[in-house]
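> Sequence and predicted model, in that order:
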Amino acid sequence: MAGLREVCRALDIPVSTGEQLRHRWDFRDLIERSDADILQPDIVAAGGISEVVRIFQLAEVFAKSVMPHSPSAGILSIASMHAYSTVLSAVRPHEYSVEYGPAPERIAELFEEPVLHDHGVFRLSDRPGLGLTLNGDVLEGLLPRV
């Protein structure tokens, strides 16, 4: 953390980090010890929607920008975007990458609703939960045969 603090102070560009941290207490330490500019919680690594929202609130208290880390398309991205939609002062884009898992188009087949962007824009459902419905036929085709 001390080395990261030196990097953050030496650079004129914002430093972004945190995608491997596990919960709000790690982010509190990151803020206090390194003074990173942009916090990047990952919804899976950091404990889910509720914990990520708490991290966003912590970032707001310390006037830090957030940019969620989301390394796979589909349900994780949708959950992360729902959490990020609670940040009224959000100015950074939500990360959208396909580092892990099958191709996004393949993942999209699992859901009745769109989970892929349309020219960089996502439309989140206002239905309960994440607003997603699994396509039972596709899911059944993916299950191992016993």
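Okay, I see it.

> make it CA atoms for all contacts and neighbour counts henceforth
Fine.

> Identify the single longest helix in this structure, thanks.
Determined from DSSP state H, the single longest helix within the chain is helix 49-61.

> for that helix, packing partners?
Judged by 3 or more CA pairs under 8 Å, 6 or more residues apart in numbering; DSSP states H and E, the packing partners of helix 49-61 are helix 24-34, strand 65-66, helix 75-84.

> between these, which one is nearest to Ile49?
For Ile49, the closest of these is helix 75-84, at 5.9 Å, according to CA to CA.

> The next helix or strand after the closest one - what's its average pLDDT?
The first helix or strand that comes after helix 75-84 along the chain, using DSSP states H and E, is helix 104-108. Here helix 104-108 scores 85 as its mean pLDDT.

> and the helix or strand just after helix 104-108, what does it pack onto?
Per DSSP H and E, the first helix or strand lying C-terminal to helix 104-108 is helix 136-142. Applying 3+ CA pairs under 8 Å, 6+ apart, we find helix 136-142 packed against no helix or strand.

> This completes my enquiry, with thanks.
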